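Student: need coordinates for the following:
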Amino acid sequence: MHLKLKTKVSQDFLSVKEGFNEKLFLSLNPPFPPVQLKEFGGCKKGDKVHLELNFIFFKQDWISEITFDNTSDSVFEFVDEGTKLPFFLKYWKHHHIVEKTKENQSFIIDDITFKSPFILMDILLYPVLWLQFVYRKPIYKKLFKAVKD
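Tutor: Purely as a prediction, here's the structure:
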């Protein structure tokens, strides 16, 4: 299945790139399931991110590796791919893109491809994951608002 969300923010793409750090990562986590960050390597190829999802009665590890990163004069992007996923996912690829639109504006694009063990589960997961990423939009806007002089 495929999800793609685009959020306009009021900072240049290189400032947004600098903000893609552990603090941002922690602030993007929705209230449920609670997430413990075990490792945050960064956003460069070869870096790893390890999460522990707490579903109250059980916990699940989610480990992703950054398999691609690129910065040009108009875009910053990286891809994380799941190497160890919770039971409800068998494939995860998240392409993070920050595009320059104007001098002090950017688009943050979350482009996600995922698969679960069963097609019916894909269909059930889609709205849940969509909500989890829509949750990020106001956080992105707040953290990457215009800088006042």
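Student: distance of S64 from D73?
Tutor: Distance, S64 to D73, by Cβ to Cβ, to the nearest Å: 27 Å. C-beta coordinates here come from the backbone N, C-alpha and C atoms, glycine included.
Student: who's more crowded, the two?
Tutor: Neighbours were counted for S64 and for D73 using other Cβ atoms under 10 Å; S64 has more, 21 against 7.
Student: can you pull the contacts of that one?
Tutor: Going by Cβ atoms under 8 Å, 6 or more residues apart in numbering, S64 touches K48, V49, D80, E81, G82, T83, W92, H94.
Student: narrow those to those that are buried.
Tutor: Taking 16 or more other Cβ atoms under 10 Å as the criterion, what is buried in the contacts of S64 is V49, D80, E81, G82, W92, H94.
Student: just these now: which is nearest Y135?
Tutor: Checking the buried ones among the contacts of S64 against Y135 with Cβ to Cβ, the nearest one is H94 at 14.9 Å.
Student: so the closest one bridges to which residues?
Tutor: Beta-bridge pairing of H94 under DSSP bridges involves D80, I112.
Student: I figured it hits D111, correct?
Tutor: Yes - taking Cβ atoms under 8 Å as the definition, H94 is a contact partner of D111 at 7.3 Å.
Student: helices of the chain, start to end?
Tutor: 13-19, 22-27, 119-134, 136-143 (DSSP state H).
Student: any idea which of those helices is most buried?
Tutor: helix 13-19 (a mean of 18; mean count of other Cβ atoms under 10 Å).
Student: and that one, what does it pack onto?
Tutor: Helices and strands touching helix 13-19, by 3 or more Cβ pairs under 8 Å, 6 or more residues apart in numbering; DSSP states H and E, are strand 75-84, strand 91-102, strand 105-115.
Student: as CSV, these with distance to K145 would be great.
Tutor: As requested, the helices and strands packed on helix 13-19 are exported to CSV (distance: least, Cβ to Cβ, whole Å):
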stretch, distance to K145
strand 75-84, 18
strand 91-102, 15
strand 105-115, 11
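Student: which residues touch the helix or strand of the chain with the lowest mean pLDDT?
Tutor: Ranking every helix and strand in the chain by mean pLDDT, DSSP states H and E puts helix 22-27 at the bottom, with a mean of 82. By Cβ under 8 Å, 6+ apart, the residues outside helix 22-27 that reach it are L37, F40, V49, I139, L143.
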